[in-house]
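Novice: attaching a predicted model along with its sequence, questions to come.
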Amino acid sequence: MSTVLDSTAGGLKIITDEMRDVQTVTIAIGTNIGARNENEQQNGISHFLEHMAFKGTAKRSYLDIAQAIEDIGGYMNAFTSKESTVYYVKVLKEHLETGIDLLSDIMQNSVFPEEEIEKERGVILQEYAASLDTPDDMIYNYYMQTAYQNKPLGRMILGTEDSIKRFTKAEFESYIATKYNASNMVLSVAGNVLASDVKNLAEKYFNKIRPASIVKPDDAGYVGGSLYKQNDAISQVQFMMGFKAMGYYEDSRFALDVMMDILLGGMSSRLFQEVREKLGLVYTIADFTQMFSDCGLMGIYAGTSPENLELLTSTIAKELKRATTDITTDELSKTITKIKAHRLMSLESTTSRSHSNLSNVLTYGRDVSFAETLEKYNKVSIDEMQTLLKQIISRKDITISTYGQVAQMPTLEKVLDMLS
């Protein structure tokens, strides 16, 4: 296996992961343009565009696109995040050219038929309505709105009902023309391919990507220091408590990653054992550590009964504080082994490798090897983890969001006392 980083004559970066012992290929084209790059009026346009890419090009109808991938047994999809949008296909190795042709067509030649915009508007409004009816979606939205008030990171990726209803063909075309360009896009291919073949096909098909300057996102604008309560008669209280952390350019993120795995990295983790197995307070408890280019969050999500809300909060606070002083060498060693195992397992998937390589090049502008990443984890020490966690949880700009029957939620001041 070997990874080759290259670029087309037009400046589109290419990363090819040659996996000669598999029979499939995953081809992904991504851009570091996501919901964070939208102003308030554009909120949701990146996600809407992701849908519209499959709805017709200059040479293919939406049905042609669907048939072209399904007739060869392939799979096509896309996703939008706060800081990126990714389109990808997975096909057998002999259909590499078809996959690249399809991705290049939807990325460069989409025509946004008016009738398809209206139909997809209805689809996205249903997706938006489904999100509003999903408590664990809404608690995250409330949290982000509270942590990043009136900033793009605080807005829903889907947009608002008003913005979804308002977007026009001209807005889609303008957004692509100003945001999508070779400087912020990467083609990532992983599977049974040769880098030379990928380069030749990229030159052939991705010949309309505009060269332009990098589009910088708005300031993150973390606010924090707030407790948000959304009262509702749902049976469970949704709870999310988080702290300002680091972005993905900072090496301290590896120490945080290990610490959060010790706290919530599986059924044997500290918080899972204490909150679910010993006290029976929750069905689900998980971390939501999230990192962006220049900022990040470390937090915990759980759902519990209204009468258990204060006990859940105090137990989480107690376990966070305990972890600042008593992590063992055995816990550290086992966690590093587990992280290594999970990452090695992911290397067996062409889709996982394609997406990982894409993310690395979009983020760091280069290939990041497994060995380099493992070295960062191996350097993590107990003292580094404990010092970092203590610094994070001692911050006063903690953000908490609650959703449900929230009358028994302790005050922000009380939670800060629990953590002190």
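Specialist: Structure received.

Novice: pLDDT below threshold where in the stretch 301-420 of the chain?
Specialist: The model of the stretch 301-420 of the chain has no residue with pLDDT under 70.

Novice: all helices of it, in order?
Specialist: Taking DSSP state H, counting those that start in this stretch, the helices of the stretch 301-420 of the chain run over residues 309-323, 329-346, 350-364, 370-378, 382-393, 412-419.

Novice: okay, now the unreliable bits of the stretch 101-250 of the chain?
Specialist: In the stretch 101-250 of the chain, residues with pLDDT under 70: 212-215, 218.

Novice: please enumerate the strands of it.
Specialist: 185-191, 226-231, 237-245 (DSSP state E, counting those that start in this stretch).

Novice: how far away is Lys199 from Met156?
Specialist: 38 Å (Cβ to Cβ, to the nearest Å). C-beta here means a position set from N, CA and C on the backbone, and glycine is covered the same way.

Novice: residues in contact with the stretch of helix or strand Met259 belongs to?
Specialist: Counting by DSSP states H and E, the element that carries Met259 is helix 252-264. Here helix 252-264 makes contact (Cβ atoms under 8 Å, 6 or more residues apart in numbering) with 245-247, 269-272, 285-287, 289, 291, 296, 298, 300, 319-320, 323, 327, 331-332, 335-336, 338-339, 376-377, 379-381, 384-385, 388-389, 392.

Novice: any idea how far the closest residue to Phe254 other than its chain neighbours lies from Glu384?
Specialist: Distances taken as Cβ to Cβ, 6 or more residues apart in numbering put Lys376 closest to Phe254, at 4.6 Å, once the chain neighbours are dropped. Separation of Lys376 from Glu384 (Cβ to Cβ): 12 Å.

Novice: try Ala323
Specialist: Ala323 is 13 Å from Glu384, by Cβ to Cβ.

Novice: what of Ser305?
Specialist: In this view, Ser305 and Glu384 are 37 Å apart by Cβ to Cβ.

Novice: also Leu5?
Specialist: Relative to Glu384, and taking Cβ to Cβ, Leu5 is found at 31 Å.

Novice: quick one, phi/psi of the spatially closest residue to Thr351 that is not a sequence neighbour?
Specialist: Leaving aside its chain neighbours, Thr351 sits nearest to Thr26 (4.4 Å; criterion: Cβ to Cβ, 6+ apart). Main-chain torsions, Thr26, degrees, to the nearest 10: phi -110, psi 130.

Novice: is Thr26 in contact with Val89, as I believe?
Specialist: Yes - under the criterion of Cβ atoms under 8 Å, Thr26 makes contact with Val89 at 7.3 Å.

Novice: what's the domain layout of the protein?
Specialist: 2-205, 226-419 (automatic domain parsing).

Novice: need the three-state assignment for Val4.
Specialist: Using DSSP: H, G, I helix; E, B strand; the rest coil, the structure places Val4 in strand.

Novice: just Leu49 next, same as before
Specialist: helix.

Novice: mind listing what the closest residue to it other than its chain neighbours touches?
Specialist: In space, and not counting its chain neighbours, Leu49 is closest to Phe172: 5.8 Å by Cβ to Cβ, 6+ apart. By Cβ under 8 Å, 6+ apart, the contact list for Phe172 reads 45, 48-49, 52, 112, 117.

Novice: so what's Asp294 scoring on pLDDT?
Specialist: Predicted confidence (pLDDT) for Asp294: 88.
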